[in-house]
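K.L.:
Here you go, sequence then predicted model.
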Amino acid sequence: MTKVLFQKGLFEETQGEPALIGSKCGSCGQVLFPVKSVCLNCMSADLESIRLRRDGILYTYTTVYMASEHFPPPYTVGWIELPEGIRIFSQIRGWQENPLKIGMDMRLYIETLWRDEDNEVIGYVFKPVIGET
Amino acid sequence: MREVAIIGVGSTVFGKFPEKAIFELGTEAVQAALKDAGISPKDIQFAYYANLYGGMVEGQAALRDAGITDIEITNVENACTGGATAVRRTWYDIASGLYDIGIAVGSESMTTSPIAGKLIPPAKGDLSGELGMNTMAKFALSQRRYMDISGVTLEQIAMVSVKNHHNGCANPYSQYKKEFSAEDIINSRLICDPITQLQSCSTTDGAAAVILTSLNVARRYTRKPVIIAASVIRGGDYAFRQKDITFSDVTYKGVKGAYTMAGIGPEDINLCELHDAFAVNELQHYVELGFCERGEEVALLMDGVTNIKGRLPVNPSGGLLSKGHPLSATGVAQIAEIVWQLRGQAGKNQVPDAKVGLTHTLGGEVADLEAGAVGVHILKV
């Protein structure tokens, strides 16, 4: 099994701290994910790559009971609202152990998304934050 | 711009017809529209043909067997809004004076499509699609949040499906033609929590066609031309600009443009066929289309305002929930339904004294955008 990235440039893990990589516009301040070459809000090319915050809030979720191309049912997906003010669509893990609730704290992890014939595809997921205040 | 009218409409019955090719369904609808208009195929000057899941030049194949060849034919795709897009383009080519008589067709065979029996994914390589997004999950995500922030219950949402399935029972073109209770709907198979099978439109095959002419030409064919008062297609904006996923900004902007174009407001609409791909959509669209304020949508439904006998009947045809949803056919079929209503030909589902009708389709899932496209038409007699 070869480990491959789901898509290049979406995330990084430095010193055990994973983060999604986005763009921040130096002109209008818009934060974008994934990284873009121009700001989609104002078309400025003055963008810097930034590490997005690891923790967000569960904006909404659904559990899907039919297969998709890569995921057998049931699987759960949702929108996570980050402090930067953008929503990230993601697979959600840990939902069987911890009932989901809109507004709960969620945290980013880098994990295997799926396996195909030769590859283990690595990507990002969010999980509920449990037992912390 | 010249005024444009509809002189003929036709539709196949909607249902599961895996033995029929996409173009065969298309031919059937075209022939029905030609017959309805009382026009020879030789008089059709151009055509737009909407289809998503077929092969090349589907339109030429469908029109060939209806006797229409040797003219300008354009095949179009815009997901669930494809049919409305074909009508919009046909409208424009006549309004602008380029042609006098054209046909818009939408045809889809979902049972033979590559996504038969699956949830509809975005295009290959789409970031969200790769992560498990599909059109039902998109609206399940919206419904979950809608219920959470508004307090609207599953029982109330199911009543949309009860109403539309009731309407569909008397529509000869409908796939289901069956009554369901709110309990049936809630207890049907869970697909994308909280959306169950009967809160969702089905896998459906079908086609529809409408023949458009300039208003002057229309008077040669009919004493009751249905005028296209507004025709709008609009693509979705960036998702980061959508404040709240339970409110479709593209629907709101699209319908606002249509009201401006027609010179009327939501209070002037007598009936509406809207995109109830999922039951929850109908309640949300009441607000976006301007039929009520946010928070009043459940009352509009429960008080019977949107019943066939109500002040503003919505989906008297049965909608996508009962009729079914052959993607590219839907936008054209909605217009056919409104035309039958405005002519007084809607049979048991006839809305009394309807003069102005609105159609709305919303479709397409793509990462980073609110939606693919919205289509809005306002028809009047």
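P.N.:
Thanks, I have it.

K.L.:
Which residues of the stretch 51-200 of chain B lie near chain A?
P.N.:
Proximity of the stretch 51-200 of chain B to chain A (CB under 8 Å from any CB of the partner chain) is limited to residues B:118-119, B:121, B:127-134, B:136-137, B:140-142, B:144-145, B:148, B:189-195. All C-beta spots, glycine's among them, are computed from the backbone N, C-alpha and C.

K.L.:
Of these, which belong to strands?
P.N.:
Those of those mapping onto strands are B:190-192, B:195, per DSSP state E.

K.L.:
ok, those residues vs A:L10, which is closest?
P.N.:
B:C192 (24.4 Å; CB to CB).

K.L.:
Who's the closest spatial neighbour of the closest one, skipping the chain neighbours?
P.N.:
B:A140 (3.6 Å; CB to CB, 6 or more residues apart in numbering or on different chains).

K.L.:
residues in contact with the one you found?
P.N.:
Residues in contact with B:A140, defined by CB atoms under 8 Å, 6 or more residues apart in numbering or on different chains, are A:62, A:64, B:192-195, B:278.

K.L.:
Tell me which two in the residues you listed are the farthest apart.
P.N.:
A:V64 and B:F278 (13.9 Å).

K.L.:
list residues touching both of the two?
P.N.:
B:136, B:140.

K.L.:
Give me the distance between the worst-scoring helix or strand of chain B on mean pLDDT and the centre of its chain.
P.N.:
When each helix and strand of chain B is scored by mean pLDDT, DSSP states H and E, helix B:127-130 comes last, with a mean of 92. Computed by CA atoms, centre = their mean, to the nearest Å, the chain-centroid distance of helix B:127-130 equals 26 Å.

K.L.:
Going along the chain, name the helices of chain B.
P.N.:
Counting by DSSP state H, chain B has helices at residues B:22-37, B:58-64, B:82-95, B:127-130, B:135-150, B:154-168, B:182-187, B:215-221, B:249-262, B:279-288, B:297-302, B:319-323, B:327-343.

K.L.:
Return the member of those helices having the minimum mean pLDDT.
P.N.:
When the helices of chain B are ranked by mean pLDDT, helix B:127-130 comes last with a mean of 92.

K.L.:
Any regions of chain A where pLDDT drops low?
P.N.:
A:131-133 (pLDDT under 70).

K.L.:
what residues does it put near chain B?
P.N.:
So far as CB under 8 Å from any CB goes, chain A lies against chain B at A:6-7, A:30, A:32, A:34, A:40-41, A:59-71, A:75, A:77-79, A:86-87, A:89-91, A:102, A:113, A:123.

K.L.:
Mind giving me the PyMOL command for buried ones among those residues?
P.N.:
A single PyMOL command is used to select the members of the residues of chain A next to chain B judged buried by 16 or more other CB atoms under 10 Å in any protein chain shown:
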select buried, chain A and resi 6+30+32+34+40+41+59+60+61+62+63+64+65+66+68+70+71+75+77+78+79+86+87+89+90+91+102+113+123
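
K.L.:
Would you agree A:I102 is in contact with B:R145?
P.N.:
Yes - using CB atoms under 8 Å, A:I102 is in contact with B:R145, at 6.4 Å.

K.L.:
what sits in contact with each of those two?
P.N.:
A:59-60.

K.L.:
Let's check: the centremost residue of chain B is which one?
P.N.:
Nearest to the geometric centre of chain B sits B:G331, at 3.4 Å (CA atoms, centre = their mean).

K.L.:
who touches it in this structure?
P.N.:
With CB under 8 Å, 6+ apart, B:G331 has these contacts: B:50, B:80-87, B:106, B:359, B:361, B:375.

K.L.:
Closest one to chain A out of those residues, please.
P.N.:
B:C80 (19.0 Å; CB to the nearest CB).
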